[in-house]
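[1] After the sequence you'll find the predicted model.
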Amino acid sequence: MEFSTHTTASLHQIKTAALAIGIYADGELSPAADVIDRASDHAVRNVVKTEFRGRAGATLVLRSLPGVTAQRVVLVGLGKQSEYNARAHAAAEQGFAAYCATARLTEGASTLVANPVADVDLRTRARSAAIAAGAATYHYDTTFSAPDRDARPKLKKIVQVVDRADVAQVQQGLREGAAIAHGMELTRNLGNLPGNICTPTYLGDTAKKLAREFGSLKVEVLDRKQVEALGMGSFLSVARGSEEPLRFIVLRHQIKAAKKSKSGPVVLVGKGITFDAGGISLKPAATMDEMKYDMCGAASVLGTFRALAELELPVEVVGLIAACENLPSGKANKPGDVVTSMSGQTIEILNTDAEGRLVLCDALTYAERFKPSAVIDIATLTGACVVALGHVNTGLFSTDDSLADALLSAGKQSLDTAWRLPMDSAYQDQLKSNFADIANIGGPAAGSVTAACFLSRFTKAYRWAHLDIAGTAWRGGKDKGATARPVPMLMQFLLDQA
Ligand code: BES
Ligand code: MN
Ligand code: ZN
């Protein structure tokens, strides 16, 4: 989709299929709504409070208003003016884009970014408008035998109508938002694809395709032999249980013009289990299909790289993806097996379903060679994180307060929030093993904390944070689908570094 700006002194004469104007829940009109109201002999005020109450994101369409050139005027609810915030703004932009999509429109014009939000600048509002439009128009139909082409949203363009003085800021925000939206679309698609299509090989091919498309990206895809040569015994032990070949993907984003940062790149590490049956510690059947989403960490790394590359963001970033399946078989890990990680530490596998940490630990050791300024791993790591935080906040774990604070703040800014959980050294005791340096599970208590503690054993060489996205990467139930979280948070973090 295309996002642009338009300036006009006479909003009522703008030519468009649909013009969005904001209405607060207390009946207050936004300045743009007021202009349209006066031009149309109060057609707007006449429906406000009776037919339209201004709930955030709600829409009501008025057609062919006298004195107004736009074919449709779309009243968009902003919620209560006293409570108007970044979320209400995003909901409004999403409501408008969703309306345009269902009405089969190809273009629309919005005045919504012009409405002030306390502590949220224009550039951020424009960014979130583009992200919201991307979410509203996402449509999955890859694996239907005869996709209904008519069901695909046709929305090609949203124009933001803004004051001349605001054009530069809004355009910058829209450019960023469009790149993030495109990255999120990739992340959603990869997540939603079934495990028999989105295999480790498919993830590797997707990375290679990105590198062909964008000059700033370099990609290396390692196979089993190369991973053996690196000594990634822990990752290999999980991959061995499946016929599907593993992939270890290394992505690099580097803008030539940007001077090489002295502090080293940010490294993003994604869990890429393209299907997690649990292995010999087999999962129950109910909702096991959702374990195709166990590669959403990897998908968020790929989506972030797509956004970085489209934006040509002047930050150095490395992406690492450990991709394989976790299946039961005659070659699979067994409870009690001891494997040797790339770091040299031995691991007793007490539960083969705690496989995410087994593939991540070797990727985290591999990350050392980049002398990173920070390493962030992203993983659908524990069901316990869903119990603790539900589907609202991503679990954030870090041994570095400044890195944790930067990610928490990026999450707030981008409406893609995280909540920090503890990592006191006392939890480490739960990982004691009688037969190896460390056990891969720490018992039922504080399951997401001990998972993070396990990872921390492999991250001593750099600043590190871990994002557990088990509750946030996808939605289950009737609206089952990938959310593309935490791409917005990661991009905000990287924009803040640039
Ligand atoms: N991929 C799962 C975590 C998961 C489960 C995410 C359900 C979202 C929903 C992970 O590999 C896993 O199976 N973790 C185990 C760890 C346990 C064996 C210590 C879990 O959470 O049950
Ligand atoms: Mn598992
Ligand atoms: Zn898993």
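    All right, it came through fine. Ligands and ions are numbered 1, 2, ... in the order given.

[2] so where's the stretch 201-350 of the chain uncertain?
    Applying pLDDT under 70 to the stretch 201-350 of the chain flags the ranges 257-261.

[3] Need the pLDDT of residue 157.
    Looking at residue 157, its pLDDT is 96.

[4] Same question for the one 10 residues further on.
    According to the per-residue confidence, residue 167 scores 98 in pLDDT.

[5] In three-state terms, label the residue lying closest to it once chain neighbours are set aside for me.
    Nearest residue to residue 167 in three dimensions, chain neighbours excluded: residue 5, at 5.1 Å (Cβ to Cβ, 6 or more residues apart in numbering). Placement of C-beta: from N, CA and C, glycine included. Here residue 5 is recorded as strand under DSSP: H, G, I helix; E, B strand; the rest coil.

[6] Show me the beta-bridge partners of residue 5.
    residue 160 (DSSP bridges).

[7] my read: it touches residue 157, true?
    No. With contact defined as Cβ atoms under 8 Å, residue 5 does not count as touching residue 157 (11.6 Å).

[8] These two - which one has more neighbours?
    Each of residue 5 and residue 157 has its neighbours counted (other Cβ atoms under 10 Å); residue 5 has more, 20 against 16.

[9] so what's the more buried one up against?
    Shown in contact with residue 5 (Cβ atoms under 8 Å, 6 or more residues apart in numbering): 159, 160, 161, 162, 167, 170, 171, 174.

[10] Out of the residues you listed, who's the most crowded?
    Within those, most neighbours by other Cβ under 10 Å means residue 160, with 28 neighbours.

[11] What distance do you get for that residue to residue 51?
    As judged by Cβ to Cβ, to the nearest Å, residue 160 and residue 51 stand 26 Å apart.

[12] Contacts for stretch 89-100, please.
    17-18, 20, 22, 56-59, 61, 74, 76-79, 107-108, 110, 112-113, 115, 117, 120, 125, 128-129, 131-133, 135-137, 153, 155, 158, 415.

[13] swap the cut-off to 6 Å and go again
    18, 20, 56-57, 59, 74, 76, 78, 108, 110, 112, 117, 125, 128-129, 132-133, 135-136, 155, 415 (Cβ atoms under 6 Å, 6 or more residues apart in numbering).

[14] With stretch 107-122 instead?
    Contacts of stretch 107-122 (Cβ under 6 Å, 6+ apart): 14, 16-22, 30, 32, 85-86, 89, 92-93, 96, 100, 125-126, 129, 157-162, 166, 169-170.

[15] Return it as PDB; C-alpha atoms alone will do.
    The C-alpha trace of stretch 107-122 is given here as PDB (Å, rounded to 0.1, in the frame of the first residue of the first chain):
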ATOM      1  CA  GLU A 107      -8.200   4.800  -2.000                       C
ATOM      2  CA  GLY A 108      -9.100   7.000   0.900                       C
ATOM      3  CA  ALA A 109      -8.100  10.200   2.500                       C
ATOM      4  CA  SER A 110      -7.700  10.700   6.300                       C
ATOM      5  CA  THR A 111      -7.500  13.700   8.500                       C
ATOM      6  CA  LEU A 112      -6.800  11.700  11.600                       C
ATOM      7  CA  VAL A 113      -3.100  12.200  12.200                       C
ATOM      8  CA  ALA A 114      -3.800  15.900  12.600                       C
ATOM      9  CA  ASN A 115      -5.700  15.300  15.900                       C
ATOM     10  CA  PRO A 116      -3.200  16.000  18.700                       C
ATOM     11  CA  VAL A 117      -2.300  13.300  21.200                       C
ATOM     12  CA  ALA A 118      -0.500  14.200  24.400                       C
ATOM     13  CA  ASP A 119       3.200  13.200  24.200                       C
ATOM     14  CA  VAL A 120       2.800  11.600  20.800                       C
ATOM     15  CA  ASP A 121       4.400  13.600  18.000                       C
ATOM     16  CA  LEU A 122       3.100  13.700  14.400                       C
END
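
[16] And it, what's buried?
    For stretch 107-122, the neighbour count (16 or more other Cβ atoms under 10 Å) marks 107, 108, 109, 110, 111, 112, 113, 114, 115, 117, 120, 122 as buried.

[17] thinking again about what came up before, restrict the contacts of stretch 107-122 to those that also contact ligand 3, please.
    Contacts with ligand 3 within these, as defined by Cβ under 5 Å from the ion: none are present.

[18] packing partners for the top helix by length along the chain?
    Criterion DSSP state H: the longest helix present in the chain is helix 167-192. Applying 3 or more Cβ pairs under 6 Å, 6 or more residues apart in numbering; DSSP states H and E, one finds that helix 167-192 contacts strand 2-6, helix 122-136, helix 296-311, strand 481-482, helix 487-497.

[19] This completes my enquiry, with thanks.
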